[in-house]
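Peer 1: Next comes the sequence, and after it the predicted model I'd like to discuss.
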Amino acid sequence: MGSEKKTGVRAFPNRMEIMSPQAVDRIIDVTLGYLEDTGVKFDKHEQTYDTLSGAGCDIAEDGMVQFPSDLVKESLGHCPDSYKWWNREGTEYVEYGSGNTCFISSCWAPNYIDPYTREKRNGDQEGIAILTKLSDALPEIDISGIPIATGDFVADGATMMKNTTKPVHFGAGENADALRGLIELGSAIRGGGDALREKPYFTLHINPELLRYPSAISEQIQLCAENNIPISIATMGIGGLSSPITMSGTLVICLATTFPGIVLAQLLNKGLPCTEASTPSFMDPATAGIRGIPENALTDMAKLEVCRKLGPLVGQLSAFGAITPEFNQDAIAKITWDFGELATCSFDSFLAIGAVDTGLVNSPHATVYADELASMARRVWRGIPVDDDAFAIDIIKSVGSGMYLTQTHTALHARKDLWRGKYIKNISLDAWENEKMDMADRIHEDLAKILDSHTVEPLSEPLQKALSDIVAKQKG
């Protein structure tokens, strides 16, 4: 985190690009052409209609809104390149964007794996507390996101606030009242609404339907604009099911869904931090399996290039999702593939850490593994030093083809330059032969130790009561 200074290098220095500039322009032209000629449906919401029509959008009687291409491009260009995402105390921040890469533990799974027993459990407040505490304990996880979706958004948010000091990432479903409750919680933590606006503590994941904005979603965007809450606008097109089977077709339907929400947000609050956060996915018609390899990675990378040219922040991806029902060797292979494919592209963040069983289960074991992958990536992102000390020419002249193990230079640089993983090991063959457990079992053995040794600074009793009162009011 930073305090009043920018964080260090946290992203790959050179992005890998998969499309020509002409291909990027073609996707943009097709998407903007669809929004201008056909448009997206907005359910009736008076302020939204007034705002959009006042900006030059045509609104049909059935709620279809056509967006002039120039308006879309201008609005996307108003999104800032970065913003400060503050911790619970408002003393430190993560700078989101501007070449930084954040790891966010949001998963929203209805179920979770008990970190102590390995049993699968239904989502509940106890699970949220445990898994949020785990994300707080892991050093490479920057943002604590909702680990489990119980449907009680305000209660879930309060539980998270009590179990992490890190910035948080929330969702409110299609429920504007739930967002009002979350804003009350954030204002209580900050000591007032103005303080929350000055130092954003949480961001909101907003989920319109494909090509349709229910009125509650429009209301959420309005509330975020009024309270300066950064937003991520997300949707999921599943190629072959809810969107065209082709990667370009699915990408266009996703962008045509998310861009109008960003336009609305910028019209309400110019400069509000907005992230295009759609998840293009694909279904194999033969097996009904979802999350294609490498189709998801390719479409995510293409989306990144398109959005970067237009201006909005972008980068939240289900980079760690696995389709296996538990964290096992197959899950490790899938998670590693996703991460390796996407980490070279300088995304702003990786989302859905811990997701297995196609996002239906939160695995704390997968979260710990993701933390290790993040540590490895950040070592790569630091690059290779090329100063005189690193070249060690004097030592090479002195030792030549001899033994460097006994050199002081080796001792000084071994820990600084060489990355050592806890689970991804660089050890001798004899040590491997003596290893009694695979990675999944080694992580499980450590989970209880991680949780039992970590403490989260408790909120004051008056503040805990204030949060409980907000939750109770919301239920009533």
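Peer 2: Right, received. Where do you want to start?
Peer 1: Identify the residues contacting stretch 441-458?
Peer 2: 115-116, 118, 130, 133-134, 136-138, 162-165, 327, 364-365, 368-369, 422-423, 437, 464 (CB atoms under 8 Å, 6 or more residues apart in numbering). Heads up, the C-betas are built off the backbone N, CA and C, glycines and all.
Peer 1: Check stretch 154-161 too.
Peer 2: Stretch 154-161 is contacted by residues 88, 125, 128-129, 132, 144, 146, 148-150, 168, 170, 178, 181-182, 185, 189, 202, 459, 467-468, 470-471, 474-475 when judged by CB under 8 Å, 6+ apart.
Peer 1: Would you map the strands across the stretch 351-476 of the chain?
Peer 2: For the stretch 351-476 of the chain, the strands defined by DSSP state E, counting those that start in this stretch cover 355-356, 361-362.
Peer 1: Could you say which one of those comes nearest to Ala333?
Peer 2: Proximity to Ala333 (CB to CB) singles out strand 355-356 among the strands of the stretch 351-476 of the chain, at 12.5 Å.
Peer 1: ok, Ile206 touching Ala234?
Peer 2: Yes. With contact defined as CB atoms under 8 Å, Ile206 counts as touching Ala234 (6.9 Å).
Peer 1: Would you mind telling me which of these two has more residues around it?
Peer 2: Neighbour comparison, Ile206 and Ala234: the larger count goes to Ile206, with 27 against 21 (by other CB atoms under 10 Å).
Peer 1: Across the sheet, point out what pairs with the more buried one.
Peer 2: Beta bridges link Ile206 to Ile233, judged by DSSP bridges.
Peer 1: List the residues that contact it.
Peer 2: Counted by CB under 8 Å, 6+ apart, Ile206 has contacts 171, 217, 220-221, 224, 231-234, 261.
Peer 1: Quick check: Thr132 vs His78, distance?
Peer 2: Distance of Thr132 to His78, computed by CB to CB, to the nearest Å: 33 Å.
Peer 1: Give me the below-cutoff pLDDT ranges for the stretch 351-476 of the chain.
Peer 2: Applying pLDDT under 70 to the stretch 351-476 of the chain flags residues 427-435.
Peer 1: 50 - rerun?
Peer 2: Applying pLDDT under 50 to the stretch 351-476 of the chain picks out no residues at all.
Peer 1: Show me the helices in it, by range?
Peer 2: 364-382, 388-391, 393-399, 408-417, 429-434, 439-453, 461-475 (DSSP state H, counting those that start in this stretch).
Peer 1: how far does the shortest one sit from the chain's center?
Peer 2: Between the mean C-alpha point of helix 388-391 and the mean C-alpha point of its chain there is a distance of 37 Å (CA atoms, centre = their mean, to the nearest Å).
Peer 1: Please enumerate residues in contact with that helix?
Peer 2: For helix 388-391, contacts defined as CB under 8 Å, 6+ apart pick out 384, 413, 417.
Peer 1: can you tell me which residues contact the last one?
Peer 2: Contacts here follow CB under 8 Å, 6+ apart; on that basis Asp417 touches 385, 390.
Peer 1: what's the spacing between it and Thr344?
Peer 2: Here the distance between Asp417 and Thr344 works out to 21 Å (CB to CB).
Peer 1: do the same with the second one
Peer 2: Shown here: His413 relative to Thr344, a distance of 26 Å by CB to CB.
Peer 1: so how far is His45 from Lys449?
Peer 2: 50 Å.
Peer 1: can you give me the helices for the stretch 201-350 of the chain?
Peer 2: Counting by DSSP H, counting those that start in this stretch, one finds helices in the stretch 201-350 of the chain at the ranges 215-227, 247-268, 295-310, 329-343.
Peer 1: mind listing what's buried in the third one?
Peer 2: This means helix 295-310. Under the neighbour-count criterion of 16 or more other CB atoms under 10 Å, helix 295-310 has 295-308, 310 buried.
Peer 1: low-confidence ranges in the stretch 1-150 of the chain?
Peer 2: 3-8.
Peer 1: how about the strands of it, start to end?
Peer 2: 40-42, 58-59, 64-66, 82-86, 93-97, 102-103, 111-113, 120-122, 144-145.
Peer 1: from those strands, which stretch is densest packed?
Peer 2: Of all those, strand 144-145 has the most neighbours on average by mean count of other CB atoms under 10 Å, namely a mean of 29.
Peer 1: chain center to it, what's the gap?
Peer 2: For strand 144-145, the distance from its own C-alpha centre to the chain's C-alpha centre is 9 Å (CA atoms, centre = their mean).
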